[in-house]
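>>> no letters, just coordinates:
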């Protein structure tokens with residue numbers, strides 16, 4: 001019976017295992033190999049060793065794209081965590097039509113990225129955009145938004161807070177998993193809402209915050225392509241040249257697939273190091289109730 005179950009288990013898991021090797025591990029190994037070659041998608045790759053990696057030190061756009069991507073990642077992750085946690089607290093309270101509000105907040109997350117980019121492209125229009133119209137109506141100066149070097153990344157950070165439905169949902173699940181007796185005990189001790197939030201809610205939510213932080217960092221470092229491709233083309237003056245967009249340009253427009261693979265390997269190593277760092281530091285601030293009883 002056990003042999004029969006083992007065979008069925010392997011058979012049922014086989015599509016996932018094959019999919020991992022074919023669509024994840026295989027392309028990763030191929031990209032690492034191609035990063036040591038000169039390949040323009042036509043003809044055979046030519047082995048050039050570490051030449052692609054040596055070029056990175058003299059590539060001004062590479063350095064700028066790294067800075068821009070980290071700038072966006074820090075801003076979007078922090079803003080996304082704070083805003084989504086705030087909305088999750090509100091949506092977890094007993095308010096009328098709570099399920100309708102939850103649906104409304106989740107809808108932008110399932111909207112196609114191109115459609116979202118087109119909507120915000122209209123909102124950010126310096127002359128006819130709704131945001132500048134609202135600013136003028138309350139006496140504030142109009143902004144150039146994505147058409148200004150200093151404002152384009154903050155504008156994209158603001159835009160990123162519109163599609164945080166998944167993060168809100170995960171926070172909601174974490175909030176609903178907090179035992180009510182903890183709040184009841186805190187209220188009996190005279191704790192205010194701020195003390196309950198600081199000493200009960202946030203400590204109990206640290207595993208959820210850890211998960212959202214990790215996924216947010218990975219997603220932000222890999223993000224920005226749609227905004228750059230649809231809205232700014234990496235401008236103005238390379239101010240929105242996200243790393244993923246720069247990889248795309250080198251691989252599919254400049255015909256430097258080997259160099260694009262080298263860029264991809266560097267980003268893979270950066271994300272891996274940051275993931276390890278987040279896991280290592282989590283022991284100092286993530287509270288697992290089941291492990292401390």
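Okay, I see it. What you see is a predicted model, and the numbers here were worked out from it, not measured in a lab.

>>> so where do the strands sit in the stretch 1-150 of the chain?
37-38, 46-47 (DSSP state E, counting those that start in this stretch).

>>> which other helices and strands contact the first one?
The helices and strands touching strand 37-38, judged by 3 or more C-beta pairs under 8 Å, 6 or more residues apart in numbering; DSSP states H and E, are strand 46-47. C-beta here means a position set from N, CA and C on the backbone, and glycine is covered the same way.

>>> neighbouring strands for the strand it packs on, and are they parallel or not?
strand 37-38 (antiparallel) (DSSP bridges).

>>> run through who's touching the partner strand.
45-48, 51-52, 258 (C-beta atoms under 8 Å, 6 or more residues apart in numbering).

>>> tell me the most packed of those, by neighbour count.
Most neighbours among those, by other C-beta atoms under 10 Å: residue 258, with 25 neighbours.

>>> which SS state does that residue fall under?
Secondary structure state of residue 258, per DSSP: H, G, I helix; E, B strand; the rest coil, is helix.

>>> which ones are touching it?
Per C-beta under 8 Å, 6+ apart, neighbours of residue 258: 34-39, 45, 48, 52.

>>> again with residue 62
Neighbour list for residue 62: 56, 246, 263 [criterion: C-beta under 8 Å, 6+ apart].

>>> buried stuff in stretch 64-75?
If you call a residue buried by 16 or more other C-beta atoms under 10 Å, then stretch 64-75 has these buried ones: 64-66, 68-69, 72-73, 75.

>>> all helices of the stretch 1-150 of the chain, in order?
2-20, 26-34, 51-56, 60-92, 98-106, 113-123, 130-137 (DSSP state H, counting those that start in this stretch).

>>> reformat the strands of the stretch 1-150 of the chain as TSV; add distance to residue 208 and mean pLDDT.
Conversion of the strands of the stretch 1-150 of the chain to TSV gives the following (distance: least, C-beta to C-beta, whole Å; pLDDT from 0 to 100):
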stretch	distance to residue 208	mean pLDDT
strand 37-38	43	94
strand 46-47	47	94
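
>>> of the ones you listed, which is nearest residue 192?
Nearest of the strands of the stretch 1-150 of the chain to residue 192, taken as C-beta to C-beta: strand 37-38 at 63.1 Å.

>>> roughly how far is that closest one from the heart of the chain?
The gap between where strand 37-38 is centred and where its chain is centred comes out at 31 Å by C-alpha atoms, centre = their mean, to the nearest Å.

>>> sorry, back to before: pLDDT-wise, what's the bottom of the contacts of residue 62?
The weakest per-residue confidence within the contacts of residue 62 falls on residue 56 (93).

>>> that one is in contact with residue 264, isn't it?
No. Counting by C-beta atoms under 8 Å, residue 56 stays clear of residue 264, with 12.0 Å between them.

>>> what about the two, which has more around it?
Between residue 56 and residue 264, counted using other C-beta under 10 Å, residue 264 has the larger neighbour count: 21 against 14.

>>> give the buried residues for stretch 24-35.
Buried positions in stretch 24-35, judged by neighbour count with 16+ other C-beta under 10 Å: 31, 34-35.

>>> what's the answer for stretch 85-104, then?
Going by 16+ other C-beta under 10 Å, stretch 85-104 has these buried residues: 85, 87-89, 91-92, 102.

>>> which one of these is nearest residue 144?
Looking across the buried residues of stretch 85-104 and measuring by C-beta to C-beta, the closest to residue 144 is residue 87, at 28.7 Å.

>>> next up, the contacts around that closest one.
105, 164, 168.

>>> next: residue 204.
Residue 204 sits in contact with 174, 177-178, 182, 287, 289, where contact means C-beta under 8 Å, 6+ apart.
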